[in-house]
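Novice: Kindly return the folded structure for what I paste below:
(one chain, ligands or ions: 1)
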Amino acid sequence: MEQKKVVLAFSGGLDTSVAIPFLKEKEGAEVITVTLDVGGPVNPELLREKSLKYGAIKHYAIDAKEEFAREYVFQAIKANALYEGKYPVISSLSRPLIAKYLMEIAKKEGANILAHACTGKGNDQVRLDVTIKALAGDIKDLKVVSPPRDFGLTREWEIDYGKQRGIEVVSKESPYSIDENLFGRSIECGQIEYPEKEPPTDAFEWTVPPEEAPDKPEYVTITFEKGEPVALNGERLSGSELLTKLNEIAGAHGVGRIDHIEDRLVGIKSREVYEAPAATVLIEAHHDLEKLVLTRHEVLFKPLIDAKWVEMVYNGLWVEPLMGSLNAFINETQKRVNGTVKVKLYKGSYIVVGRSSPNSLYSYDLATYNIDSSFDQTAARGFIELWGLPSIVAAQVKEKQEQERKK
Ligand code: ARG
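Specialist: Numbers count the residues shown, from 1 in each chain. Next up is the predicted model:
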């Protein structure tokens, strides 16, 4: 019989470390680990060392930062993606990319078991499992497992089990569950689980408290081409460079803290805290530029598509065919979203204070209240007459009916 193989998404934390010996024993399989760098705090050498020490036969370290920035984060910016009006889908965006690489490696290695260590209470398991299964192609008897979810492992049990197998556990672990990438930092657990309490200051790492931010505002300009940010303060940068730099600049002004009551796909309401300086500024700037270059009809219609886009991505359906259609619409509208936006950062606030575009539909001549405008004000009277006609007729009918009732 051929040797069974598992491909495991490995972060080096307790869950995924313990998963290596656990899966070897439970599945009777060899374990291959994969770590994707999407801009989080990964140390590839240390992770490789840990993975092999804990019993994996092979480790893959993949730098996916630029792919993540261009194919995932930039599409979210074009969709002005804010789940429930607030969350820039930081973690939701990285899961389909992780799943894609797990699947590629599984095919290359002839593995039919894929593993991660997501909890059964969250969204990440849905995003990974759905994408993995959709990309499985002709792999036979594909299985996706998460030891903590599928075998009900508790933290205490894992610590004990790990100790017996030489897995050293950090004695003073952070009380938070953190997920980081180029688009932001998701923070859960600890005191954050009490929604009535202000998040503790030690939850934040990328942003200063707004009250401690510099007393002087700072301006940044962002240049967009086809809806994608390509330059910061006039300097052309790669996607990951631009996001990294803007995270630093805006974070230093206390911009990008998000405190959110969120509806998870699995039906749970949770309190989530995020730091997303670049995401916050870029979405605001991008949305503003759209208003300059899109027609009124486009400006009012696109949010319907954007809302569907972010809901699909949050809910783990990156691979669903509808996403292709939504993306086609969004990309079509972005052809004219070229230009530069100036944002003022000051003590947690981020205000767009200027924008320009070769495709601007703004006409000073039409908009000005100066007397020499070319707008024909006499045309307004007739327009109002017809525009209000249905509503005026309805009001008259109502009035007449009330009079008759009184008689
Ligand atoms: N609530 C967010 C989401 O579902 C963040 C998840 C963070 N994931 C984590 N493993 N800590 O997208």
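Novice: What parts of the stretch 201-350 of the chain come near the ligand?
Specialist: Contacts of the stretch 201-350 of the chain with the ligand, taken as C-beta under 6 Å from any ligand atom, map to 262, 272. Placement of C-beta: from N, CA and C, glycine included.
Novice: partners of the residue in the stretch 201-350 of the chain positioned nearest to the ligand in the sheet?
Specialist: Nearest residue of the stretch 201-350 of the chain to the ligand (C-beta to the nearest ligand atom) works out as residue 272 at 4.8 Å. Beta bridges link residue 272 to residue 260 when assigned by DSSP bridges.
Novice: Tell me the confidence at it?
Specialist: We have a pLDDT of 97 for residue 272.
Novice: Likewise for residue 173?
Specialist: Checking the pLDDT column for residue 173, the value is 69.
Novice: hang on, residue 5 is in a strand, isn't it?
Specialist: Yes: the assignment for residue 5 (DSSP: H, G, I helix; E, B strand; the rest coil) places it in a strand.
Novice: and it, what does it touch?
Specialist: Neighbour list for residue 5: 29, 30, 31, 32, 106, 109, 110, 111, 112, 113 [criterion: C-beta atoms under 8 Å, 6 or more residues apart in numbering].
Novice: which one is it nearest to, not counting chain neighbours?
Specialist: residue 111 (3.7 Å; C-beta to C-beta, 6 or more residues apart in numbering).
Novice: Can you tell me the SS state at the one you found?
Specialist: coil.
Novice: how many other residues sit next to it?
Specialist: By the measure other C-beta atoms under 10 Å, the count of residues near residue 111 is 25.
Novice: Quick check: it vs the ligand, distance?
Specialist: As judged by C-beta to the nearest ligand atom, to the nearest Å, residue 111 and the ligand stand 23 Å apart.
Novice: Pull out the buried members of the contacts of residue 5.
Specialist: 29, 30, 31, 32, 106, 109, 111, 112, 113 (16 or more other C-beta atoms under 10 Å).
Novice: Which members of those residues are the farthest-apart pair?
Specialist: Pairwise distances across the buried ones among the contacts of residue 5 peak at 13.4 Å for 31 and 112 (criterion: C-beta to C-beta).
Novice: correct me, but residue 309 touches residue 326?
Specialist: Yes: the pair residue 309 and residue 326 passes the contact test of C-beta atoms under 8 Å, sitting 4.9 Å apart.
Novice: Looking at these two, which one has more neighbours?
Specialist: Each of residue 309 and residue 326 has its neighbours counted (other C-beta under 10 Å); residue 309 has more, 24 against 20.
Novice: Let me see the contact set for that one.
Specialist: Contact partners of residue 309, counting by C-beta under 8 Å, 6+ apart, are 79, 81, 323, 326, 327, 330.
Novice: Buried only: go through those residues for me.
Specialist: Listed as buried from the contacts of residue 309 are 79, 81, 323, 326, 330; burial here means 16+ other C-beta under 10 Å.
Novice: Spell out which residues sit in contact with the residue of the stretch 201-350 of the chain closest to the ligand, please.
Specialist: Neighbours of residue 272 in contact, by C-beta under 8 Å, 6+ apart: 87, 186, 187, 188, 192, 258, 260, 261, 262.
Novice: Chain neighbours aside, what residue packs nearest to the first one?
Specialist: Ranked by C-beta to C-beta, 6+ apart and with sequence neighbours excluded, the top spatial neighbour of residue 87 is residue 260, at 5.4 Å.
Novice: residues touching residue 44, list them.
Specialist: Neighbouring residues of residue 44 by C-beta under 8 Å, 6+ apart: 35, 37, 61.
Novice: meant to ask about residue 217
Specialist: By C-beta under 8 Å, 6+ apart, residue 217 lies in contact with 253, 344, 345, 346.
Novice: Next step: those residues restricted to helices.
Specialist: Assigned to helices by DSSP state H, none of the contacts of residue 217 qualify.
Novice: Tell me which two in those residues are the farthest apart.
Specialist: Pairwise distances across the contacts of residue 217 (C-beta to C-beta) peak at 9.5 Å, for the pair 253 and 344.
Novice: any common contacting residues for the two?
Specialist: Counting by C-beta under 8 Å, 6+ apart, the residues touching both residue 253 and residue 344 are 217, 218, 350.
Novice: Quick check: the last one touching residue 288?
Specialist: It refers to residue 350. No: using C-beta under 8 Å as the test, residue 350 is too far from residue 288 to be in contact (10.8 Å).
Novice: Same drill for those two, tell me which one is more crowded.
Specialist: Using other C-beta under 10 Å, the more surrounded residue of residue 350 and residue 288 is residue 350, with 21 against 18.
Novice: what ranges do the helices span in the stretch 301-407 of the chain?
Specialist: For the stretch 301-407 of the chain, helices defined by DSSP state H, counting those that start in this stretch occupy the ranges 321-334, 364-367, 378-387, 389-406.
Novice: a markdown table for those, including mean pLDDT and distance to residue 276?
Specialist: Output for the helices of the stretch 301-407 of the chain, formatted as a markdown table (pLDDT from 0 to 100; distance: least, C-beta to C-beta, whole Å):
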| stretch | mean pLDDT | distance to residue 276 |
| --- | --- | --- |
| helix 321-334 | 98 | 20 |
| helix 364-367 | 90 | 34 |
| helix 378-387 | 95 | 41 |
| helix 389-406 | 97 | 42 |
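Novice: Check those for me and report the most buried one.
Specialist: Of all the helices of the stretch 301-407 of the chain, helix 321-334 carries the top mean neighbour count, a mean of 14, counting by mean count of other C-beta atoms under 10 Å.
Novice: Using PDB, write down the CA coordinates of that helix.
Specialist: Taking Å, rounded to 0.1, in the frame of the first residue of the first chain, the C-alpha atoms of helix 321-334 are listed here in PDB:
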ATOM      1  CA  PRO A 321     -18.800  31.300 -10.100                       C
ATOM      2  CA  LEU A 322     -20.800  34.300  -9.100                       C
ATOM      3  CA  MET A 323     -17.500  35.900  -7.900                       C
ATOM      4  CA  GLY A 324     -16.300  35.800 -11.500                       C
ATOM      5  CA  SER A 325     -19.300  37.800 -12.600                       C
ATOM      6  CA  LEU A 326     -19.100  40.300  -9.800                       C
ATOM      7  CA  ASN A 327     -15.400  40.800 -10.500                       C
ATOM      8  CA  ALA A 328     -16.100  41.300 -14.200                       C
ATOM      9  CA  PHE A 329     -18.500  44.100 -13.300                       C
ATOM     10  CA  ILE A 330     -16.200  45.700 -10.800                       C
ATOM     11  CA  ASN A 331     -13.200  45.500 -13.200                       C
ATOM     12  CA  GLU A 332     -15.200  47.100 -16.000                       C
ATOM     13  CA  THR A 333     -16.100  50.100 -13.700                       C
ATOM     14  CA  GLN A 334     -12.500  50.500 -12.600                       C
END
